[in-house]
Every structure is written in structure tokens, then in C-alpha cells.
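Enquirer: A predicted structure for the sequence below; I have some questions about it.
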Protein chains: 2
Amino acid sequence: MARVSLKILKRSRKSRARLGLLRTPHGVVETPALVTVATQAAVKALTVEQAESAGSQLVICNTFHLHLKPGEKFVKAAGGLHKFMGWSRPIMTDSGGFQVFSLGFGRDFGLSKIGYKGLTAKVGLKHKPKLLAITEEGVTFTSYLDGRKIFLGPEESMKIQAALGADIAFAFDECTPPNADRAYTKMSVARTHRWALRCLQSRDPKQSLYGIVQGGKFKDLRRESAKVIAALPFDGFGIGGEFGDDKRTMTKMLRVVVRELPEDKPRHLLGIGHPEDIVRIVKEGVDTFDCTVPTQYARHGTAFTTRGRVEINSSKHLKSRWPLDAACGCPVCAKYSRAYLCHLYRAKEMTAGTLLTIHNLWYFNEAVRRVREDIRRGRI
Amino acid sequence: MARVSLKILKRSRKSRARLGLLRTPHGVVETPALVTVATQAAVKALTVEQAESAGSQLVICNTFHLHLKPGEKFVKAAGGLHKFMGWSRPIMTDSGGFQVFSLGFGRDFGLSKIGYKGLTAKVGLKHKPKLLAITEEGVTFTSYLDGRKIFLGPEESMKIQAALGADIAFAFDECTPPNADRAYTKMSVARTHRWALRCLQSRDPKQSLYGIVQGGKFKDLRRESAKVIAALPFDGFGIGGEFGDDKRTMTKMLRVVVRELPEDKPRHLLGIGHPEDIVRIVKEGVDTFDCTVPTQYARHGTAFTTRGRVEINSSKHLKSRWPLDAACGCPVCAKYSRAYLCHLYRAKEMTAGTLLTIHNLWYFNEAVRRVREDIRRGRI
């Protein structure tokens, strides 16, 4: 497999946005692009054909979850992730570093990556997460499936990701909790940098590898992390963790980071992408980003439309012969009324989740396509 | 809407099997045919496109469930079931009569229609089901959703089915429990006959209506019921209830019933159709039959194949690069390995249920297609 490369077709004059082609061993991705989340080697509620019909260009699977189930040896025996899941387009695998947060401090504090407003409890140097142990070597997880201990360090993550065989792997890191204090974040980010070196030493040279910038919401730590990671021979760069509580802080922090990253290499923003974020992050020079919002919200009955969110559980939709979004060209809006989707959701038919997921993915992919068009035409 | 009619293309010389075309306002069904179950106006786990891709020719929805959710007025306002669910092929609605059993004695005794082997408790004239009241007028159900009382009698069922607007409605009946004694069955079947007359009087004349033969496992009651119902001006005939504990008894009882039914009208067997039953029931002259087996088993991880059942939960499949059935032409077997399907099922991904449902429906539809071919070629 050849490594990935980014061909930049056009740069915005008004922002850091760029239009590009990300070349991978499994085809070309038009960037900026949404990366569809397929945690367990499946886009939840969809078949591969449906994910394609929703316009998904590439997917991101999860190293930690696939290590637990089914185990990378089965994926490798099947010929790698592409053959295993029947997805012929590009695939990324994240490193397991997000689970260091979500199954550690995230669980202890009941936190999602961006849900910490109003929380006063801080994570400092003296704190340890309850269900996992983080050392210089790596992280010992306790499986949520059967309680067994699972050790993941940089070398293990690289080995598993090589076996999974995605086009793009990510370096193993610690995604620091949003309530980490400065001392904890500084210690953690330095360790993430040492892990980055170990990842480069143990990587599969045939697979592309993105380094990950951390640093929490501390501007100087972010800048420092970006400089260190940018100087290493990665094929691209991930930007992880959280950026502070509001969108403006996120934008500023992204700017600090992206400024340090090489112009000619792809940049991926990990786990961010509400509709209102898309233009913002693209303007800061992000090429790809993944987000569970379109799929997860769909399964909980929220559809994104050009006229705002639609909560399909509301019985008012039972009378509506309109599609979710009259301005939408997706296969769901072409065929199904709100009345039917509302009925399916209220009747707890799985098909509701399927149809809303197709719509939401289309909606997000279409939003990003328009952003590309705007860059092409010099409107961004 | 025109009423349905059956054009018989060929009759078997060796059995009562017949090859036909069931003409409906929404197209022609090649018979014998499996009717795919779409209880709540959706084939569980599938979109309409997927149900079509699995070869389903027609579906059967449930009057009782759709009356509860979303309520027939919403379906009618949407332009009827076809428009509501986006299914352009023929649709049947059953009458609610099965729920008289399943939510009544069926629930009290923990019985399915054919699961009563070894049960010694009988239902006699003095017994009453706990959660519903059956009178000459009709049946008062207690909603499992909110405890409210729902009355369904022949007139109500006809009215609801007219609003749902399927191609074929069924008369309201009592599906007698498999452990009903002779006295109870005799009383019930006589009432079902009186209800049949009331259904004919209150039917929508533009909609086709099938009468239902009951009589439990009592040969003389079955024959009597078939004679009474056959003499009424129905557009076709349903055969309901159970037929005794073993396949041979079922066959004999079907023969008793079918002998009394007019040759030129379609016959539907309600809720029976394991793969091993298909040839048997077709040989007795059944034109259509519905069964939850392909869809329900799929969601519980059982795939039907030309080499027997595959329990996809078994971890032995994680190593298999084979499809579910190497002899199968379905879109799932064309693309997905057992390893992947096994992973999806074990990882609790909804997509497992979707893919197995497509396969099982295809498998059943293909089995019935081969039966049609066998009749055509004089092999049955």
C-alpha cells in the first residue's frame, strides 16, 4: 500500500480553508470531508450500500473496540478491514487514545468530550482514573465486556492497527479530559509525544500514520504539542481532545495548532463536527473530521434539515405528508414522509434509525460538499 | 380498486397444488407465494427497498397494531398503507383475530399458535381470558401500551381495514387457542361464522375480503367451517388457527378444509410456513401464506440455508470467509462473509438483523419460486 498524500487544488484567500484531494490506496477523497463513524466496522444501523448511498467517502473504525470484538486476528484473516466489512473506499482507524479518556476520567466524571460546562471538579496530577491505569508504558484497561485486563501502548496500538489494515492509522495518545488542570495536561501531552516516537518506531511502514496533537485548552501546550508532532515524519496530523467550552475558543485554539502544521500534509480533526461547526473548522484549515452526531442523533430521533432539527418522535409529524427536508436530495426524503418516519420511530421499528441515519449522513455530506463548492468559487 | 382474482395457470396432477397469478389493484403476484410480514407497516429491520431486493411480492400488515399505532386515521390521511409505507406492491391486512388469541388465552397460557405440546390445561366453555373479553358483539382488548380499553368487532375491523386500504382485508374472527376443547371450539367457530356475515355486511365493497376458516384441530368442525365460509361471497379464503401437533395432522386437516373451498378463489394460510412446511402446504392447494419465521429468526441470529440452519452467534464463524450459503444468490451472500455477520451479531450491531433478514427472505422467496417452477414442470 502506498502512503496517503494530499493534493491541494485551491486555497481560500479569505481563510485557511483549502480544497484538496486526499489520495489513498483505496481511492481519492475530496476534501474537506466528513469521515463517517463506523466504530465496530459498521456504520450503525446501515449496510455498506446504504452508507455509500448517503455519500460517505471514507469511514473511521475503532482500534480499541475491534481489538475486543472480534479481535484483530479475525479481521486480518479476512484480508483486512476493507474486505472484512465490504467497504472498498478509504478507512481510518483511531488509536484507542480516545478510550483512555472515555473509559477513564470520562466515565468517572460522567463526561463526554465537550460536556463539561459547569463542572468544577478538576483532574490533576494526583488523580487516577478508576477503571484504567495509565503509565509510561501504556494503558491497562478493564474490559467492559468481561472484566479482563487489556493493555494498550503505542506498540500494541500500532500492531493492532497494522493488522486491521486501514489506509490511515493514528498514533496512540491520551485524549485528556476537558476538566484536566494545566499540570495534568502538561504531563500527559509530554507523554503523548514520547508515545508518538514509539509509534513511529513500531509502525507498519506500508500504512499511513497520523500523529495527534493534544494540549487541552491551554494555548501554549497546544502550540508546543503542534510543533513537536509537526516535526515528526507523520503522513498527516490529527488534532484531538477538547478546545474549551465555546465555539470561539475552539476556533482560536485550532488556529494556534494549524499554524504549526506543515501546509502539504492532511489534517484531521478528531470527533468534532456539529453542522454549525463545519464551516468554522474548515476555515481553520481542517481537511477531514469525524463525528458521531449524524448517526447517533439519527438513532435518537433527531434529523438535521436545512430548516433546523426535526424531532421525529413528536406526534405532530404523524399528519405530515412532507419529507424530513423538502430541500434534500437524499433517498429517504425522496420516498418517505415525516408521518411514516414518526410512526416507525414511535413504534420502535429499527428501520426508523436506518432511515434517519441515511438522511443525516446525506445532510452532513451535502453540507460539506457545499463548503467545497464555496472554496472552489472563492466564497469562503 | 378492483377486487382480486386468481388466474390458475396450471394444476398439479399429483397433488392439489396449483400455479397461479393473483391479480390485485397493485399488480400481479405469482402464486404460490410467501407473504412477508410487515406488522407495523414495516418489514422489521428493513427498508422498503431492501424488502423488494429480497424478492418479496406482497406484505401483510396488522390491523390491531396499526389501530393502536399510529391509528388508521393517520394512515388514511397519508393516502392509505401503500403511500404511507412506500410499498407499491400488493398488501394484505389481517383482521385482529389473531390478537384475540395471542393477547388472550395465548398470553394466559404462555402459548404460541403451535407451541402447545405437552400442555394438559384445556380451554373450555367456562374459561375466560384475563386481559380481554370476548362477547357476541366483539372483543374488548386492554392495550399493552397504556391499559386503555379497545373494542374490536367485525364492523370495527372492517372499518379500520377500509381506512388502511390494503388490497386484501380479512374477516374478523377468533383464532382459537391450540388447547381449546371441542365445546369451546364449536362455540367459537359458530360465532366466527356470525362475525363473517357481519363483516360482509360492513365491508368496503371496493376492497377485497377473505373469509377465515377456523375449527381448531377438530376435523368435523374444520369441514363445517370451510363449508359455511366457502358459501359466502368472499373474494378469497384464509385458513386460520392451528391444526394439531404434527405436520401430518396439519396436512390432513388442510386437505379437509381445502376440499370445501371453491377452486377458482385464492386461499391463504395464516401464519404458517417453516421451510419444511412449504412444499407440504402448497401440495394441499394453498396459494399464499404468511410467516414470521424468516424475519424473526433472522433478528435472533438464525439464517436458513440450503445446508440447514446457521446460528451466526457461534464464534466458529469468525474465521469463515464463506457467505451464509454458497448456493444463494441474495445480495448478502454476494458480499458478506460469515465472519463479518458473526462479528456484527456478537457486537450487537443492528445491521446484523438487517442482513440476515434480507438473506432469509430471499431464501424463503427462492424456495417458493422453485416450488412454482416444480409445479410448472409437473414435478409436484
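Expert: Thanks, I have it. Numbering: from 1, shown residues only, chains lettered A, B, ... in the order given.
Enquirer: give me the domain ranges for chain A.
Expert: A:5-291, A:315-360 (automatic domain parsing).
Enquirer: would TSV of those domains with distance to chain B be doable?
Expert: Glycine gets a C-beta too; all of them are placed from N, C-alpha and C. Shown next, in TSV, are the domains of chain A (distance: least, C-beta to the nearest C-beta, whole Å):
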stretch	distance to chain B
domain A:5-291	4
domain A:315-360	4
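Enquirer: go through those domains and find the least confident stretch.
Expert: The weakest mean pLDDT among those belongs to domain A:5-291, with a mean of 94.
Enquirer: helices of the stretch 1-150 of chain A, start to end?
Expert: Using DSSP state H, counting those that start in this stretch, the helices of the stretch 1-150 of chain A run over residues A:48-53, A:63-68, A:72-77, A:81-85, A:97-100, A:106-108.
Enquirer: of all the domains of chain A, which lies closest to B:Val4?
Expert: For the domains of chain A, the distance to B:Val4 is smallest for domain A:315-360, at 25.0 Å, taking C-beta to C-beta.
Enquirer: can you give me how far that closest one is from the chain middle?
Expert: 26 Å (C-alpha atoms, centre = their mean, to the nearest Å).
Enquirer: now tabulate the domains of chain A in JSON lines and tack on distance to B:Arg307 and mean neighbour count.
Expert: As requested, the domains of chain A are arranged in JSON lines below (distance: least, C-beta to C-beta, whole Å; neighbours: other C-beta atoms under 10 Å in any protein chain shown):
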{"stretch": "domain A:5-291", "distance to B:Arg307": "21", "mean neighbour count": "20"}
{"stretch": "domain A:315-360", "distance to B:Arg307": "28", "mean neighbour count": "21"}
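Enquirer: so which of the ones you listed gets nearest B:Leu270?
Expert: Nearest of these (C-beta to C-beta): domain A:315-360, 22.1 Å.
Enquirer: got JSON lines for the domains of chain A, with distance to B:Cys342 too?
Expert: Below are the domains of chain A laid out as JSON lines (distance: least, C-beta to C-beta, whole Å):
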{"stretch": "domain A:5-291", "distance to B:Cys342": "7"}
{"stretch": "domain A:315-360", "distance to B:Cys342": "19"}
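Enquirer: could I get the helices of the stretch 1-150 of chain A as a markdown table with distance to A:Phe234?
Expert: Below are those laid out as a markdown table (distance: least, C-beta to C-beta, whole Å):
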| stretch | distance to A:Phe234 |
| --- | --- |
| helix A:48-53 | 28 |
| helix A:63-68 | 17 |
| helix A:72-77 | 22 |
| helix A:81-85 | 21 |
| helix A:97-100 | 14 |
| helix A:106-108 | 26 |
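Enquirer: for these, which one sits closest to A:Val310?
Expert: Nearest to A:Val310, of all the helices of the stretch 1-150 of chain A, is helix A:48-53, at 19.9 Å by C-beta to C-beta.
Enquirer: which secondary structure elements does the closest one contact?
Expert: Other elements packing on helix A:48-53 under the criterion 3 or more C-beta pairs under 8 Å, 6 or more residues apart in numbering or on different chains; DSSP states H and E are helix A:350-376.
Enquirer: and stretch A:239-253, how far apart are its ends?
Expert: 10 Å (C-alpha to C-alpha, to the nearest Å).
Enquirer: excluding chain neighbours, give the residue nearest to A:Ser314 in space.
Expert: A:Cys342 (7.2 Å; C-beta to C-beta, 6 or more residues apart in numbering or on different chains).
Enquirer: give the closest residue to the residue nearest the centre of chain A in space, chain neighbours not counted.
Expert: Nearest to the mean C-alpha position of chain A, by C-alpha atoms, centre = their mean, lies A:Asp290 at 3.0 Å. Closest residue to A:Asp290 apart from its sequence neighbours, by C-beta to C-beta, 6+ apart: A:Val35 at 3.8 Å.
Enquirer: ok, that neighbour touching A:Leu269?
Expert: No. Between A:Val35 and A:Leu269 there is no contact, the gap being 9.5 Å when judged by C-beta atoms under 8 Å.
Enquirer: common neighbours of these two, please.
Expert: A:Thr288, A:Phe289, A:Asp290 (C-beta atoms under 8 Å, 6 or more residues apart in numbering or on different chains).
Enquirer: and the second one, what does it touch?
Expert: Read it as A:Phe289. A:Phe289 is in contact with A:Pro32, A:Leu34, A:Val35, A:His268, A:Leu269, A:Leu270, A:Ile272, A:Gly273, A:Ile278, A:Ile281, counting by C-beta under 8 Å, 6+ apart.
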